[in-house]
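Enquirer: what's the 3D shape of this:
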Amino acid sequence: MEKEDNKEKLVKLVDYYYDHPKEFMVDLIGINPTFQQEQVLDKLNDCIAKGKGIAVKSGHGTGKTCISAGIIIWFMTTRAHPKIICTAPSKAQLYDVLWSELTKWLQQFKFKSLFNWTKTTLFNINHQETWFAAARTSNKPESMAGIHGKAVMYIVDESSGVDDEVFEVLEGGQTEAGSILLMFSNPTRITGAFHDAFTIKRKFFECFTFNAEKSPRVTASYCKKIAAKYGKDSDVYRVRVLGEFPKSEPDTFITLDKVERAVNRDLEQEDKDISVAEFGIDVARFGSDESVVFSRVGWRYEEELVLKKNDTVELSNKVARIALDRFSDKTTFIFNVDDSGVGGGVTDNLRRMKREDVFGEKNVLINAVNNGGRVRHKRKYSNVTSEMWSFVRDNIDEMKLPNSSDLTAQLSVRKYTIDSKARINLEKKDEMKRRGISSPDRADAFVLASTSMIYSTTILSNLKDVKITTRDEVKELVNEFSNSSLKDRMKFYKKK
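Expert: Coordinates of the predicted model:
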């Protein structure tokens, strides 16, 4: 009986709320829009009537996901038999962020009893097949095809990371009046459909910018922190705070959009089939710097540990514990330590543990990596750091990075030059600090986790599985690995 009363009550209100999305959110959900969010809501019905899309570029924390959730509930309630498709570049962004936010606000909706919610679908209890909102990942554009009707809405979260192919499919579904495409994103790329909405296709979109400096949802201290760490003129500040597209200056070594796409990538990789766990260990030299540990299995990287004001014994002990606990199924551990300065203490301690059989039957290789060491392609790179960072830049389209805001920023602010011998020369840490940029400790640890893919000493870690009797055979095997393709190198890590 209560459900029937709710329906009757809602029918009387729907005519009013049909044209008043802001009032709908305030009265029925409890969302109090900021002035930035209100600008979008005020244009929503006009855009639907005119067949225009909406594009919102935003700094962090300004409430773009909140307003997306509110719009979904409004459209579901005020339209008859609506079809809403929600998508994002990765499963994590779609389910853990957008769909989670929708669930949160749905619990506060006064007429939530009209709908049922599942992990992937929100639907009207009486019209499950024709009245719904569905979460569908963008890596399968075909799953969004064939959606037609008089009330079709597409919500694309973090649109900068979604391939153009997906937008082509979505355009095919907007054949009838009453449909609309809404794009929300941090503006990380200067190419693609989201960027086009603000430039060459602007006449088809109503465009908005949520500047975090002006948002009542974002503290002034957050903006100051980003400015202090990366500079107000950096792409990180432009994207995360101002909600503006990056400048992508020509001397930036790895562009922000490349890093963001690697963070949002859904990696189809079976980690259990890979026998090697590799670790990058960047050891802090100064009080304000951090000791950081990253792991790599195949192309998947994870941030394992961040420590401040630690000693080398504590750090090496924790690294060993992480390896033994988290990667117990792997047959081989490779530890790559930044051996410059105090890093030598970590190298020595890990070697002692190996001698004392702490790692048991595991194959263990401990690499002392020094920027002054031997460069593999000495005519192309000025030093080891430049060579290692170049490997990451050249292969980042294969990688899956963790969602670490510090890692993303540190990878994308470092600059480079070409020296007098036409070699790539990466900006030094001291030079970065003179620009007001903090030490890229997390980025360096991440890069170190790729050492064995660049330098062939990885072969030596697996000698238990390879029958070798002479030094010449070792050299031959190392050379074979060095000259093989990346695809073939990855096979080396597969279990025999």
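
Enquirer: Report the contact partners of Gly373.
Expert: By Cβ atoms under 8 Å, 6 or more residues apart in numbering, the residues touching Gly373 are Val384. All C-beta spots, glycine's among them, are computed from the backbone N, C-alpha and C.

Enquirer: Which of the three states applies to it?
Expert: Three-state assignment for Gly373 (DSSP: H, G, I helix; E, B strand; the rest coil): coil.

Enquirer: Distance-wise, check it relative to Asn425.
Expert: 16 Å (Cβ to Cβ, to the nearest Å).

Enquirer: Glu270 now?
Expert: 39 Å.

Enquirer: which of the two has more neighbours?
Expert: Shown here are Glu270 and Asn425; by other Cβ atoms under 10 Å, Asn425 has more neighbours (16 against 8).

Enquirer: Asn367 sits in which helix or strand?
Expert: Element membership for Asn367 (DSSP states H and E) is strand 363-369.

Enquirer: do Gly341 as well
Expert: Assigned by DSSP H and E, Gly341 falls outside every helix and strand.

Enquirer: wouldn't it be in contact with Val283 here?
Expert: Yes - taking contacts as Cβ atoms under 8 Å, Gly341 lies within contact range of Val283: 7.2 Å.

Enquirer: between these two, which one's more packed in?
Expert: Val283 (28 against 12).

Enquirer: OK, contacts around the more buried one?
Expert: Val283 neighbours (Cβ under 8 Å, 6+ apart): 291, 312, 315, 337-338, 341-343, 345-346.

Enquirer: Export those as TSV, with columns for pLDDT, distance to Ala134 and secondary structure.
Expert: What follows is those, written out as TSV (pLDDT from 0 to 100; distance: Cβ to Cβ, whole Å; DSSP: H, G, I helix; E, B strand; the rest coil):
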residue	pLDDT	distance to Ala134	secondary structure
Ser291	91	45	strand
Thr312	87	52	helix
Leu315	92	47	helix
Val337	94	48	strand
Asp338	91	47	strand
Gly341	75	54	coil
Val342	81	53	coil
Gly343	85	50	helix
Gly345	90	54	helix
Val346	92	49	helix
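
Enquirer: Return the members of those residues classed as buried.
Expert: 291, 312, 315, 337-338, 342-343, 345-346 (16 or more other Cβ atoms under 10 Å).

Enquirer: now those as CSV including distance to Ser386?
Expert: Shown next, in CSV, are the buried ones among the contacts of Val283 (distance: Cβ to Cβ, whole Å):
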residue, distance to Ser386
Ser291, 23
Thr312, 26
Leu315, 26
Val337, 19
Asp338, 15
Val342, 23
Gly343, 19
Gly345, 26
Val346, 23
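
Enquirer: for these, which one is nearest Arg393?
Expert: Asp338 (18.9 Å; Cβ to Cβ).

Enquirer: For stretch 111-125, list every residue counted as buried.
Expert: For stretch 111-125, by 16+ other Cβ under 10 Å, it's 111-112, 114-115, 122-124.
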